[in-house]
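Asker: Okay, structure incoming, though there's no sequence with it:
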């Protein structure tokens, strides 16, 4: 990697690459945006603002190559005309420089991250979640069972990997002595408890035994990977799809669409699960009922998410009659993933974490009941499409 980006040379780089005009002048100080990459935001008064990413070099002097995958999504849209409707729903990439691991995309000045939007608004508007579901359904449907897209993706990674449980699940099932130097003592209780639930291990194995990789997936659908035009709340009855975009396509895969939706559902459930104080003297149902962000506040958005997705991609139910229950199971996987992440960063495995693990277990081991908990009256939802 020859060029190392900074706030001093990024504008000259954009000009040299003819991304902007020679008289381009940023209207605000160039800012560094927190991320796993080195990100610079370059804003301009003429509407041409850019997010410039450069891959970081690890201790071995290598770059992950994840930016190349985000460029690959743009290449798919450029090369396959039937994918053109996806472009307004995602961030638009205008340049990828592989020699310097630099990717340039359009920066949407007025948009904010979805998690920030929810923090600024007291309600989880179900109309917003419905558009998110519709947008994700459009992306999955446009690439579903398309051999030409699958073949192109197979040139960049091993597609068989999608059929195996993720690394954190495999690690939970086969601990090595190194775990004692990686995890704080009370965090080890999480690993011990996970292994004491044979029904949980069996449910996870069954889920991945029947996984069906079939479309392009984002594979990292956290709330901060959606950006929203904050003015949507002025007309929630008529939201244009392009006012909510999915960004940061660095972890793409050819995988099971239920896994994408399950990850997103787990994010919404996380708003509920992180809002209670677990008292060891109370039963689980009592603890969950005392959440400051009750599940009833989240459920309308979860229903909207499902409604929007199925309205856009109804064929998935014909191919996958168990699709909704698989979403719920993958939501359980998402909760466990988050727990594992916290524990590896030395958060304590306290009573709240214990309750989260129990909820994840219930979703994985009893998905039919989980569907009712997460989405409510499913027949009514399907009937209202």
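Answerer: Sure thing, it's come through. In this text, all values refer to a predicted model and were calculated from it rather than measured experimentally.

Asker: Please tell me how far residue 360 sits from residue 79.
Answerer: Relative to residue 79, residue 360 is positioned 39 Å away (criterion: Cβ to Cβ, to the nearest Å). C-beta coordinates here come from the backbone N, C-alpha and C atoms, glycine included.

Asker: The two: which is more packed in?
Answerer: residue 360 (27 against 11; other Cβ atoms under 10 Å).

Asker: Which helix or strand lies directly C-terminal to the host helix or strand of the more buried one?
Answerer: Counting by DSSP states H and E, the element that carries residue 360 is helix 351-365. Counting by DSSP H and E, the element after helix 351-365 in chain order, helix or strand, is helix 367-375.

Asker: Buried residues in that following helix, which are they?
Answerer: 367, 370, 371, 373, 374, 375 (16 or more other Cβ atoms under 10 Å).

Asker: contact partners of that helix?
Answerer: With Cβ atoms under 8 Å, 6 or more residues apart in numbering as the test, helix 367-375 has contacts from 265, 269, 295, 299, 302-303, 306, 324-326, 328-329, 331-332, 362-363, 378, 381.

Asker: For residue 362, which non-adjacent residue is closest in space?
Answerer: Leaving aside its sequence neighbours, residue 362 sits nearest to residue 370 (Cβ to Cβ, 6 or more residues apart in numbering; 6.3 Å).

Asker: distance of the one you found from residue 193?
Answerer: Distance, residue 370 to residue 193, by Cβ to Cβ: 20 Å.

Asker: re the thing from before, give me the buried subset of the contacts of helix 367-375.
Answerer: In the contacts of helix 367-375, the ones that pass as buried (16+ other Cβ under 10 Å) are 265, 269, 295, 299, 302-303, 306, 324-326, 328-329, 331-332, 362-363, 378, 381.

Asker: Which ones among those lie within strands?
Answerer: Among the buried ones among the contacts of helix 367-375, no member falls in strands (DSSP state E).

Asker: Give me the subset of those that lies in helices.
Answerer: Taking DSSP state H as the definition of helices, the buried ones among the contacts of helix 367-375 contribute 265, 269, 295, 299, 302-303, 306, 324-326, 328-329, 331-332, 362-363, 378, 381.

Asker: Now the spatially most central residue of the chain: which helix or strand?
Answerer: Residue closest to the average C-alpha location in the chain (Cα atoms, centre = their mean): residue 221, at 0.8 Å. Residue 221 belongs to no helix or strand when assigned by DSSP H and E.

Asker: pretty sure residue 96 is in a strand, no?
Answerer: Yes. Using DSSP: H, G, I helix; E, B strand; the rest coil, the assignment for residue 96 is a strand.

Asker: now the closest residue to it other than its chain neighbours, what's its secondary structure?
Answerer: Leaving aside its chain neighbours, residue 96 sits nearest to residue 71 (3.7 Å; criterion: Cβ to Cβ, 6+ apart). What three-state DSSP gives for residue 71 is helix.

Asker: what about residue 71, how many neighbours?
Answerer: When neighbours are counted by other Cβ under 10 Å, residue 71 registers 19.

Asker: Go ahead and confirm it touches residue 92.
Answerer: No. Taking Cβ atoms under 8 Å as the definition, residue 71 is not a contact partner of residue 92, at 11.5 Å.

Asker: And this structure, what are its domain boundaries?
Answerer: As given by automatic domain parsing, the domain ranges for the chain are 10-106, 112-383.

Asker: can you give me the strands for the stretch 1-150 of the chain?
Answerer: Ranges of strands within the stretch 1-150 of the chain are 31-33, 38-42, 50-54, 93-97, 102-106, 112-113, based on DSSP state E, counting those that start in this stretch.

Asker: Can you say which of those strands is nearest to residue 208?
Answerer: strand 112-113 (30.6 Å; Cβ to Cβ).

Asker: In terms of secondary structure, what does that closest one contact?
Answerer: strand 226-228 (3 or more Cβ pairs under 8 Å, 6 or more residues apart in numbering; DSSP states H and E).

Asker: returning to what we had before: distance check, the residue nearest to residue 362 against residue 302.
Answerer: 11 Å.

Asker: likewise residue 167?
Answerer: Taking Cβ to Cβ, one finds residue 167 at 27 Å from residue 302.

Asker: Same question for residue 282.
Answerer: Residue 282 is 25 Å from residue 302, by Cβ to Cβ.

Asker: What of residue 256?
Answerer: 19 Å.

Asker: did I read that right, residue 237 in a helix?
Answerer: No. Residue 237: not assigned to a helix; according to three-state DSSP it is coil.

Asker: ok, it - contacts?
Answerer: Counting by Cβ under 8 Å, 6+ apart, residue 237 makes contact with residue 127.

Asker: Just read off the phi/psi values of it.
Answerer: phi -80, psi -10 (degrees, to the nearest 10).

Asker: And it, how close does it get to residue 327?
Answerer: 26 Å.

Asker: Now for residue 261, how many residues are close by?
Answerer: Residue 261: 28 neighbours (other Cβ under 10 Å).

Asker: Then residue 236?
Answerer: Around residue 236 there are 14 residues (other Cβ under 10 Å).

Asker: list the contacts for the nearest residue to residue 104 once chain neighbours are set aside?
Answerer: If the residues on either side of it in the chain are set aside, residue 104 comes closest to residue 95, at 4.2 Å by Cβ to Cβ, 6+ apart. Counting by Cβ under 8 Å, 6+ apart, residue 95 makes contact with 17, 19, 102, 103, 104.

Asker: Repeat the analysis, applying 7 Å as the threshold.
Answerer: 17, 19, 104 (Cβ atoms under 7 Å, 6 or more residues apart in numbering).

Asker: what's around the first one, how many residues?
Answerer: If I follow you right, that is residue 17. 13.
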